[in-house]
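Q: here is the input, now give the coordinates:
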Amino acid sequence: MTRSAVLVTGASRGFGRCLTLDFVRQLKDQDVDLHLWARSEGELKETERLARAEWEVQASTDSTASNTTSRRELRCFLQSVDLSNPVDYSLKVDQVLLQLTAQSYDQVFLVHNAGSLGQLGLVQECASSPTELAQYLELNVTSVLWLNKRFLDVFGPMDTDMQKTIRDSPLVSPDLRKQFADMKAQGTLIPPAVSSLRGVKLALSGEYENGAHVDYYDLDPPTEQ
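A: Next up, the predicted model:
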């Protein structure tokens, strides 16, 4: 019996929630251990609820189609973690590694989706202390390196809350703001659920060079106009 483990950071909402649900759908023929990480435990519980509901839908569909009562197992482990705090996340990384190594898995997926725009603007305008800068870098850079990320969390430009912030904020460079606004107006932004499914399928297929950067459009080139 095949068993896989999936750890998703930033799993409480948005793209992280989409990724979680797509792994549940794509791994429905296996036993799956889902490790969901984010700051908000309440929102993680909602992601877990949706994942379990999707698992039941898949199980019901499969049992009806095959006329069998065999069931695969989905286990969910929620972890409230602050990836801007190395004392907090380094201990929890060690704990989850102990948990993972205690179990035999056929596949283990690490999906690093957590991140933050921070305060928009020039550093001299928005940074109030070295501690604030350190926390921003810890969340967006250092924690990613510490988790030894193997997969990119963005396979192409997506229409997310971060995108809206970039398009609307007067603190963002006008040229950059125009670029994102043009993508929205032209309809070239990819819905998170579409990018998520493409990324999960690629991860499961194994059809990529280790350490390579794979863009969404490498997998699904835009149609020539």
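
Q: show me where pLDDT drops low in the chain?
A: Counting by pLDDT under 70, the chain contains low-confidence ranges at 62-70, 117-128, 148-167, 169, 171-173, 176, 188, 220-225.

Q: what is the neighbour count of the residue nearest to Ala11 when sequence neighbours are not counted?
A: Counting by C-beta to C-beta, 6 or more residues apart in numbering, Leu36 is the residue found nearest to Ala11 once chain neighbours are left out, at 4.0 Å. Yep, even glycine has a C-beta here, placed from its N, CA and C like the rest. When counting by other C-beta atoms under 10 Å, one arrives at 26 neighbours for Leu36.

Q: quick check: bridge partners of Leu36?
A: For Leu36, the beta-bridge partners under DSSP bridges are Val8, Leu78.

Q: if I read this right, it contacts Gln79, doesn't it?
A: Yes - taking contacts as C-beta atoms under 8 Å, Leu36 lies within contact range of Gln79: 7.0 Å.

Q: top helix in the protein by residue count?
A: Longest helix in the chain, counting residues (DSSP state H): helix 41-66.

Q: buried residues, that helix. List them.
A: Counting neighbours by 16 or more other C-beta atoms under 10 Å, one finds that the buried residues in helix 41-66 are 43-44, 47-48, 51, 54-55, 58.

Q: please apply the same query to stretch 174-194.
A: 177, 180, 183, 189-190, 192, 194.

Q: between the buried residues of helix 41-66, which is nearest Val6?
A: Closest to Val6 out of the buried residues of helix 41-66 is Ala51 (10.1 Å), distances taken as C-beta to C-beta.

Q: please name the nearest non-neighbouring residue to that closest one.
A: If you skip the residues right next to it in sequence, Ala51 has Val24 as its closest partner in space, 5.0 Å away by C-beta to C-beta, 6+ apart.

Q: and that neighbour, how far from Glu46?
A: From Val24 over to Glu46 the distance is 14 Å, taken as C-beta to C-beta, to the nearest Å.
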